[in-house]
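Asks: Quick one, fold the following:
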Amino acid sequence: MKCTHGRRWGSLDEESLFYLRARGIGHEQAARWLIHAFASDIIDRVTVEPLREALEAALLEQLPREARG
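Replies: Reported below is the predicted structural model:
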């Protein structure tokens with residue numbers, strides 16, 4: 001399974017950013033959505049329920065409300 005929301009080495013996928021920006025979403029908002037999607041893909045793989053819930057809570061604390069989808 002490969003995450004297609006962004007590149008592994010830290011920069012966001014320009015094609016994904018373009019797609020969102022072409023639909024009227026600002027650059028900062030688009031970047032936040034992509035970061036949230038990427039992190040959520042990873043967190044969803046955690047099989048230990050309490051750990052997954054803690055990671056989800058930590059992610060939501062770090063991202064502004066509008067990035068949460």
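Asks: C-alpha from now on. contacts and neighbour counts both.
Replies: Noted.
Asks: So, low pLDDT: which residues of the protein?
Replies: 1-11, 64-69 (pLDDT under 70).
Asks: okay, which residue is most central for it?
Replies: Centre of the chain computed as the mean C-alpha position; nearest residue by CA atoms, centre = their mean is residue 36, 2.0 Å away.
Asks: That residue: which element?
Replies: helix 27-43 (DSSP states H and E).
Asks: Pull out the buried positions in that helix.
Replies: Within helix 27-43, the residues scored as buried using 16 or more other CA atoms under 10 Å are 29-39, 43.
Asks: Going by distance to residue 50, which of those residues wins?
Replies: Using CA to CA, residue 43 comes nearest to residue 50 of the buried residues of helix 27-43, at 11.6 Å.
Asks: The helix holding residue 36: what's the following helix or strand?
Replies: Sequence-wise, the next helix or strand downstream of helix 27-43 (DSSP H and E) is helix 49-62.
Asks: tally of neighbours for residue 45?
Replies: 9 (other CA atoms under 10 Å).
Asks: how much space between it and residue 55?
Replies: 11 Å (CA to CA, to the nearest Å).
Asks: Kindly report the same for residue 15.
Replies: Relative to residue 55, residue 15 is positioned 28 Å away (CA to CA).
Asks: between these two, who's got more neighbours?
Replies: In terms of neighbours (other CA under 10 Å), residue 55 is the more surrounded of residue 15 and residue 55; the figures are 18 against 11.
Asks: Let me know whether that one touches residue 42 as I believe.
Replies: No - with contacts counted by CA atoms under 8 Å, residue 55 stays clear of residue 42, the gap being 9.9 Å.
Asks: Check the offset of the helix holding residue 36 from the chain's centre.
Replies: Its chain's C-alpha centre and that of helix 27-43 lie 2 Å apart, by CA atoms, centre = their mean, to the nearest Å.
Asks: report the angle between the axes of that helix and helix 49-62?
Replies: Angle, helix 27-43 to helix 49-62, by axes from the mean of the first three to the mean of the last three CA atoms, to 10 degrees: 170 degrees.
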